[in-house]
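> Dropping a prediction and its sequence here:
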Amino acid sequence: YPNDSLATLGQKMNVANAKRGLRFVKRKDSDIIAVSFSTRDDVLRDCNISPAKVHMVYEAANKQKFRCITDQEDIQMSRAKYHIPLDKPYLFCLSTLEPRKNIENTIDAFISMLKGNPRINLNLVVGGREGWGVHSFFETGYTFSDRIIFTGFIDDKDLSCLYSGALAFCYLSFYEGFGLPALEAMCCGTPVIFGRNSSLIEVVGKGGLSADPYDVDDIKNKMEVLYYDHELRREKGMQALRESLRFSLRKTVIETLRVYEDIILRGSRSIQKQGISDDAC
């Protein structure tokens, strides 16, 4: 159908932009800041760049903006704003809605759970702007429109309430360089069901349950575990909050400045060395 061509065009544009960026880096012989060890390993494996020029500095969430909200009235107001029913708990997803974010398998897993037990008292809330290739999971989701809610774009000021109000945050991307929404949810004390791949393993740590992003049954099983096991959900929420303390904007700034200082010092030594060589001539 017509959306196939739009999906292909969107995918090609993403790949083309990434390749253009890497060509620029290589042409300029630039240093790179990788936002996770996983990303650093990918750069070293796939790009012909010296390890000395690839630096790891974690991203961080703004903890003044993303924090655990305990006021149920505030949470209810945010839910009402995005037409999230107040009579059922919910799982929450948030991303640009594109195939790479694996929303389709997340929706399929949720539907499979409902079909296995129609009495489950749970909704799935999918937040975020539309990207490319969204037709297939919109079509599936709308057949269960009473249980799957697409909110569209969500204002930052409402995110803490929606993260805090969720039973769990679902972030099952096929690949992430860091995975900032997962960390934002963790800052709100919300456990994360995350893809067992790339950076998400090191970012989420013990703050949730991992699943194979290609395995709908595995995703469904993790949803069921956190839905039925109240004690495990509480424990994972507390661990998520503790894991989030490993990251801070202050630490990110300090380590980024340290990278710049190292680059400047390396450049100064190179200039001095060149000057000595010229004098010797």
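Structure received.
> ok, now how distant is the residue nearest to the spatial centre of the chain from residue 261?
For the chain, residue 179 is the residue whose C-alpha lies nearest the centre (Cα atoms, centre = their mean; 2.8 Å). Here residue 179 is placed at a distance of 28 Å from residue 261 (Cβ to Cβ, to the nearest Å). C-beta: built from backbone N, CA, C; applies to glycine.
> now swap in residue 197 and tell me
For residue 197 relative to residue 261 (Cβ to Cβ), the value is 33 Å.
> Would you map the helices across the protein?
Per DSSP state H, the chain carries helices over the ranges 3-28, 37-46, 72-81, 103-116, 135-142, 156-165, 180-187, 200-204, 216-228, 230-244, 249-280.
> Let me know which of these is tucked in deepest.
helix 180-187 (a mean of 27; mean count of other Cβ atoms under 10 Å).
> what's the spacing between it and its chain's center?
Its chain's C-alpha centre and that of helix 180-187 lie 7 Å apart, by Cα atoms, centre = their mean, to the nearest Å.
> pLDDT weak spots in the stretch 151-281 of the chain?
270, 273-281 (pLDDT under 70).
> coming back round to it: out of the helices of the chain, which gets nearest to residue 122?
helix 216-228 (6.0 Å; Cβ to Cβ).
> Give me the pLDDT for residue 135.
If you check residue 135, the pLDDT there is 65.
> actually residue 65, not the one I wrote
pLDDT, read off for residue 65, is 95.
> what's the neighbour count on it?
12 (other Cβ atoms under 10 Å).
> Pull the contacting residues for residue 84.
90, 123, 125, 149, 151, 162 (Cβ atoms under 8 Å, 6 or more residues apart in numbering).
> Out of those, who's the most crowded?
residue 162 (26 neighbours).
> what's the spacing between that one and residue 32?
34 Å.
> what's the answer for residue 150, then?
36 Å.
> and if you look at residue 39?
Relative to residue 32, and taking Cβ to Cβ, residue 39 is found at 9 Å.
> Also residue 70?
Applying Cβ to Cβ to residue 70 and residue 32 gives a distance of 41 Å.
> More neighbours: the two, which one.
Relative neighbour count places residue 32 above the other of residue 70 and residue 32, with 17 against 9, counting by other Cβ under 10 Å.
> hey, what's the more buried one bridged with?
residue 54 (DSSP bridges).
> Next one, pLDDT for it please.
Value for residue 32, per-residue pLDDT: 94.
> go on, the one 5 residues further on?
Confidence at residue 37, expressed as pLDDT, is 97.
> going forward, begin numbering at 48 instead of 1
Shifting the count to begin at 48 puts that one at residue 84.
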